[in-house]
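K.L.:
Provided below are the primary sequence and the corresponding predicted coordinates.
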Amino acid sequence: MAIIHKTRTQLVTEAIRDKILNGEIKAGEPLRQAALAEELKVSRIPVREALLQLEAEGLVNFEAHKGATVSEISAAQVDEIFELRALMESELLKYSIPNLTENHFAVAEEALHRLEQASGEGNELAASGELNTIFHNALYAAADRPQTAEIVSILNKNSSRYVQVHLLLAGGIATAPDEHGKLLELCRNREIEPACEYLKKHILSAKVDLKSLLLKLETESD
């Protein structure tokens with residue numbers, strides 16, 4: 001396995017992203033560069049660069065006279081993000097399926113197994129994060145569509161908090177293992193069109209559940 005060397009900015013970006021995604025830093029809270037630099041034991045430069053990267057991912061907002069804050073999540077954003085995901089991810093899957101190897105399937109199966117295990121142990125946070133991404137990316141890995149893959153990567157980063165909310169609060173954790181298992185089976189059988197349609201349904205169903213929950217939460221907070 002190749003050793004991946006990460007820059008200081010990449011490490012700081014991942015650390016701050018994790019704090020946002022796991023709820024340690026809440027939506028609307030300020031991200032003070034000096035405090036983050038001290039906590040992470042780095043200078044302000046990689047913190048500033050990390051915040052700019054997280055702004056591009058939709059997790060951070062920069063406002064005049066206010067600085068950086070964690071972006072809010074809202075029902076208004078869900079339609080566009082998840083509908084784009086359904087289109088672009090199904091496109092990647094279409095090109096990937098004919099080229100998938102046993103190694104790709106092994107990575108997906110291992111991620112699915114660990115996801116089911118984490119869910120069964122009550123560790124929903126683990127199941128809702130990296131494992132979900134690893135599973136999907138394994139099935140898209142053979143598409144040979146680098147620009148589409150880059151767009152999907154950005155959309156996934158922009159939707160990462162929404163995915164967690166769906167899995168943890170909107171009931172997605174209960175249906176994810178079965179749905180992932182069905183998608184994997186279709187890919188193994190090289191059923192391209194049914195697999196792509198099932199993936200679209202999987203993503204758009206999450207959109208409906210999530211939007212309903214967020215609208216309810218927004219109403220209750222008014």
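P.N.:
Okay, I see it.
K.L.:
just say helix, strand or coil for the residue nearest to the spatial centre of the chain.
P.N.:
Nearest to the mean C-alpha position of the chain, by C-alpha atoms, centre = their mean, lies residue 160 at 3.3 Å. Taking DSSP: H, G, I helix; E, B strand; the rest coil as the rule, one finds residue 160 in the helix state.
K.L.:
how much space between it and residue 50?
P.N.:
Noted for residue 160: a distance of 15 Å to residue 50, by C-beta to C-beta, to the nearest Å. Using the backbone N, CA and C atoms, a C-beta is placed for each residue, glycine as well.
K.L.:
now do residue 7
P.N.:
For residue 7, the distance to residue 50 - C-beta to C-beta - is 10 Å.
K.L.:
and the two? which has more neighbours close in?
P.N.:
residue 50 (27 against 10; other C-beta atoms under 10 Å).
K.L.:
how far off centre is the one helix or strand residue 13 maps to?
P.N.:
Using DSSP states H and E, residue 13 maps to helix 8-21. Computed by C-alpha atoms, centre = their mean, to the nearest Å, the separation of helix 8-21 from the middle of its chain amounts to 14 Å.
K.L.:
next one: stretch 50-57
P.N.:
Distance, centroid of stretch 50-57 to centroid of chain: 15 Å (C-alpha atoms, centre = their mean).
K.L.:
what mean pLDDT does that stretch get?
P.N.:
Taken as a whole, stretch 50-57 has a mean pLDDT of 84.
K.L.:
now that stretch: buried residues?
P.N.:
50, 51, 53, 54, 57 (16 or more other C-beta atoms under 10 Å).
K.L.:
quick one: the strands in the chain?
P.N.:
60-63, 67-70 (DSSP state E).
K.L.:
tell me the most buried of the ones you listed?
P.N.:
strand 67-70 (a mean of 18; mean count of other C-beta atoms under 10 Å).
K.L.:
and the closest residue to residue 157 other than its chain neighbours, backbone torsions?
P.N.:
Nearest non-adjacent residue to residue 157, counting by C-beta to C-beta, 6 or more residues apart in numbering: residue 57, 4.0 Å away. Backbone torsions for residue 57, taken as degrees, to the nearest 10, come to phi -80, psi -10.
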